[in-house]
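K.L.:
can you look at this prediction? I've put the sequence above it.
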Amino acid sequence: MARIELNEIAHSYLRNPKGDSDYAIKRIHNVWEDGGAYALLGPSGCGKTTLLNIISGLVTPSRGRVLYDGKDVTSLPPEKRNIAQVFQFPVLYDTLTVFDNLAFPLRNRGIEQGEVTKRVHEVADILDLTPFLKKKAAGLTADAKQKISLGRGLVRSDVAAILFDEPLTVIDPHLKWHLRRELKEIHEQLKLTFIYVTHDQMEALTFADKVVVMLEGEIVQIGTPQDLFENPEHTFVGYFIGSPGMNFLTCTLDGNVAQVDGARIALDEKTAALGRKARGKLELGIRPMYLEVSPEPVENGVPAKVKAVEDQGCHKIAVLMLAGKTLQAMLPEGKPVPEGKAWLVFPPQWTRLFADGRLIKQKE
Amino acid sequence: MNKWGDNKAWFLVIPVLVFVCFSAIIPLMTVINYSVQDILDPDQALFVGTEWYKKVLHDYRLHDALWRQFLFSGLVLLIEMPLGILIALAMPKKGWGVSFSLVTLALPLLIPWNTIGTIWMIFVRPDIGLFGAAINNLGVAFDHTRRPLDAWVTVILMEVWHWTPLVALLAYAGLRAIPEVYYQAAKIDGASAWATFYYIQLPKMRGVLTIALLLRFMDSFLIYAEPFVLTGGGPGNATTFLSIYLVKVAVLQMDLGPGGAFSLIYFLIVLLLSFIFYQVLQRVGKGEKV
Amino acid sequence: MGMVLDSVSKKVGSETHINNVSLELEIGTTNVLLGHTLAGKTSLLRLMAGLDRPTSGRILVGGKDVTGVSVRKRSVAMVYQQFVNYPSLTIYKNIASPLKMSGMSKAEIDRKVRKTAAMLHIEDLLERLPSELSGGQQQRTAIARSLVKEADLLLLDEPLVNLDYKLREELRLELQDIFKQREAIVVYTTTEPAEALMLGGDIVVMDEGRILQTGPTPDVYHNPATLKIAQVFSDPPINYLNGTVQANTARLAKDIEIPLDGHLRSVPPGNYIFGVRSNHLFLSKVAKEDAEIRVKVELAEINGSETFIHVHHGDYRLVVQKDGIHPRRIGSEIAIYVNPCCFFVYDETGALVASPSRVSIQKRV
């Protein structure tokens, strides 16, 4: 188990990088606490796999240092760092049985036979692989194979962290539920540092205690799933987290009211006060889940046109037009469905203001 | 259900079938025909049934040639397969070195086979050959025309030089197909270079290595042009392999009957051994008992 | 006058990939094929396209039998999971490639290519090569290539599965608009129930080469005809408990009693399977008829806006879905509540016996 620190890490795959755009990682400087469950979330090309490989040692960063428990491991290869990695595609030794697959890392390190057998049985038990130990690894299903890949990391009792690189990519959606649940349970049981890279927000948010959102080689926000959802510090986080993402409307401030092309939306006093002091392009953000839609006129309601209502099973999504912009609102089951025209209410406690893409909030 | 759509494809295949008939099937029938008849002259042919087969199978010279052939093929495979794999492992993965090594490796494969025999014949001559002269100057009396051991060494060196590139190229193709993640996972598991080779590279190359093994076995078992040009089968009988002996019997001695019988037996031996190799390699791949 | 599949089967060796499928697809409709991997979705798509020939059965397009007709003679366009583009041609040439064969004038081809590229927002990339584009852009090119033909049948085989989930959301919205504008039959395969619901249109639920249910997507979602369909068409997976129906009550999982009201009244006595969706299991009692289930918490998953609580009741593993943040300690024993009006009742063969009325669910929720 280890506390992993990343000091001023920057990385370029080119030998002579010239500008910012040549860097896959522009600047990363943060700490991963021992025993935490972290997710690295971001769109394709944001640098999350590169960062994971820097942590594991498969890539040596162009600049900066990686420290495990205070020790500089930047130049150490993966096998000397005591980490384990689970890849997108199950990586197995086809010619070996499940038992031998799990025993492989221990045997390579010269652990004696009795200890090997004991550890393999312990890990197989945790992963529900005990009935398969004598079988050839090549013949199992994709989710069993990924569990074996994970198992190879868990057998090593000195493993500092386990890194996951989009491990559920090849798993069927209905099996993803079970595997996600098992991963979380294993983390609760063993309290190892887990770092999980994905572009799927459901996986990241359900798995991690802390989520690191990345964009174009930089960290945009680190926070709990709740923080990211309720207080996204950047419009990108508002857009990226949540399905559908946050609604944004360009606005101007008039006292405590935000003006969107003639529509007046009341804000709470604190937010409005901070907004008046801010510089830059002002945008109002609200999540579809909090935007209230009523088919009848209501107090503080802003009229909007209903473009479509889609039934998503456990809730409906209403697509609305306000001042030429498209907004989406989530209608819980049981709420009346508007047609043609609707009135929107923006609850002040959930309405956020952004200046030049950054959340306007109280300075601490 | 209308199946005629599929059958149109057979019309396209007819030209090939005709060609194969003339070049392979009809000659094969002819050979079988000869093998069961005693042809005294073009007009007089006696049906003798399996007599030629019995004669051929009891021919001690055939047995000798057969053992020599097995020894030759065995040695060749034992050297070429590991050597080819080693070369493939050593070849660069990217950059200009890749094209360079591929072209260099391919060169021996492009030379006509009898020319290869000629090249080596000159190469090992004690008077003007680079190798022959050098080794004789070092004090080793090397003469491939007089001493059976020297003849064998030369034939095997020639064969290895000629065909190892094929094994290397096939093995290289197999290696390139292995995704990078396997090597990464092996590094993380702390696997040594040997373990990486044995547990990842070798199993993943099984398909191409099977092809390489079968090709090399069949070709080496049927070998004719190179050793014939190099040694003519000599000195004495030292390098008379099966096909060289067969040509002696069927063409030089004009014994078409025994020749036919011999050909057929030869064909069946190659078929049987190839089948066995293939089955064994497939089972090894599946991890079942061989 | 759309496409009709009449008792189509496909056997490969001893395996049956498609088992006696009959389907009618109307022009101008979006049809989603939903099922697990290996359910036969890709096989069915290939049969529709004419890439494979069915072992038995007929395929009719516009009333004409096209069963033996090769794909080149049919009006079909197909988009694959892997972004398939000609690597050595520019994006412009890629999109133009299906039109080159048709003998259109250059000006006409140019107009069509630019119009389709604009529809997919790649009009600025026309001079680039596929290898220079991101995954999302390459897939848009593949989609543009399939759209420019204006084929009568547009087939998409899990086209968004290799893309980022956010990109998937965006492309899905764009595709929905594009599909609405065409007078073609669109068939789209997916393994994700959420995606099927977002695309709307009609759904065809498949499993093991068979069609289980067809109909408008929300209808099938709210009324799955068998337990299997409910299992395939649920995300999170549907919860179910075995139970017995007696005179006036039903006994579930041996120790939960519920009265037989509303839609349950019509269920005759016997053994049944009671299914309920995760968002219809509640953390607090609201209605008088809510039945209590005592469970032990295994895990609470929070994704920022919803909580999924994994619990078990004896041998039954259940998932409770609730909006908002509701952490629960692992191992704690809590009570969850279910209103009998939310149950789907399936008999022992898996056939639907009673399904909840939308009205009563909306009242409870």
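P.N.:
It's in. Numbers count the residues shown, from 1 in each chain, chains lettered A, B, ... in the order given.

K.L.:
spell out which residues make up each domain of the chain.
P.N.:
Assuming you mean chain A. Residue ranges for the domains of chain A, per automatic domain parsing: A:4-239, A:244-359.

K.L.:
um, chain C though
P.N.:
Structural domains assigned to chain C are C:3-223, C:236-364, following automatic domain parsing.

K.L.:
just checking the last one against chain A, any contact.
P.N.:
Yes: with C-beta under 8 Å from any C-beta of the partner chain as the threshold, domain C:236-364 lies in contact with chain A, specifically through C:236-237, C:277-279, C:298-299, C:301-305, C:308, C:310, C:319, C:321, C:323, C:325, C:330, C:361-364. Every C-beta, even on glycine, is put in place using the N, C-alpha and C of the backbone.

K.L.:
SS state for the residue of the stretch 151-300 of chain C at minimum distance from chain B?
P.N.:
At 16.2 Å from chain B, residue C:162 is the closest residue in the stretch 151-300 of chain C, using C-beta to the nearest C-beta. Using DSSP: H, G, I helix; E, B strand; the rest coil, the structure places residue C:162 in coil.

K.L.:
the longest helix seen in chain C and chain A in contact?
P.N.:
Identified as the longest helix of chain C according to DSSP state H is helix C:165-181. Yes: judged by C-beta under 8 Å from any C-beta, helix C:165-181 comes into contact with chain A through C:165-167, C:169.

K.L.:
so who does residue B:12 touch?
P.N.:
Not one residue lies near residue B:12 by C-beta atoms under 8 Å, 6 or more residues apart in numbering or on different chains.

K.L.:
to chain B, which of the domains of chain A lies closest?
P.N.:
Closest among the domains of chain A, using C-beta to the nearest C-beta: domain A:4-239, at 4.1 Å.

K.L.:
straight-line length of the closest one, end to end?
P.N.:
The separation between the terminal residues of domain A:4-239, taken as C-alpha to C-alpha, to the nearest Å, is 29 Å.

K.L.:
that one near chain C at all?
P.N.:
Yes: Domain A:4-239 is in contact with chain C by C-beta under 8 Å from any C-beta, via A:43-45, A:172-174, A:177, A:180-181, A:184-185, A:188, A:199-202, A:205-207, A:225-226, A:228-230, A:239.

K.L.:
what about that domain, average pLDDT?
P.N.:
On average, the pLDDT along domain A:4-239 is 87.

K.L.:
any stretches of chain C with poor pLDDT?
P.N.:
Residues of chain C that meet the criterion pLDDT under 70 lie in C:1, C:304, C:365.

K.L.:
what is the helix or strand where residue A:164 lies packed up against?
P.N.:
Following DSSP states H and E, one finds residue A:164 within strand A:161-165. Packed against strand A:161-165 by the contact rule (3 or more C-beta pairs under 8 Å, 6 or more residues apart in numbering or on different chains; DSSP states H and E) you find helix A:48-56, strand A:83-86, helix A:142-154, strand A:193-198.

K.L.:
next structured bit after that strand?
P.N.:
helix A:173-190.

K.L.:
so which elements touch that following helix?
P.N.:
helix A:113-126, helix A:142-154, strand A:193-198, helix A:201-207, strand C:291-302.

K.L.:
note down every partner strand of the third one and its orientation.
P.N.:
Sheet pairing for strand A:193-198, assigned by DSSP bridges, gives strand A:37-41 (parallel), strand A:161-165 (parallel).

K.L.:
reformat those as JSON lines; add mean neighbour count and distance to residue A:318.
P.N.:
Shown next, in JSON lines, are the strands paired with strand A:193-198 (neighbours: other C-beta atoms under 10 Å in any protein chain shown; distance: least, C-beta to C-beta, whole Å):
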{"stretch": "strand A:37-41", "mean neighbour count": "25", "distance to residue A:318": "27"}
{"stretch": "strand A:161-165", "mean neighbour count": "25", "distance to residue A:318": "36"}
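
K.L.:
please report phi then psi for residue C:252.
P.N.:
When read as degrees, to the nearest 10, the backbone of residue C:252 gives phi -110, psi 140.

K.L.:
tell me what the helix or strand that contains residue B:26 is packed against?
P.N.:
Using DSSP H and E, residue B:26 sits in helix B:26-35. Helices and strands touching helix B:26-35, by 3+ C-beta pairs under 8 Å, 6+ apart, are helix B:256-286.
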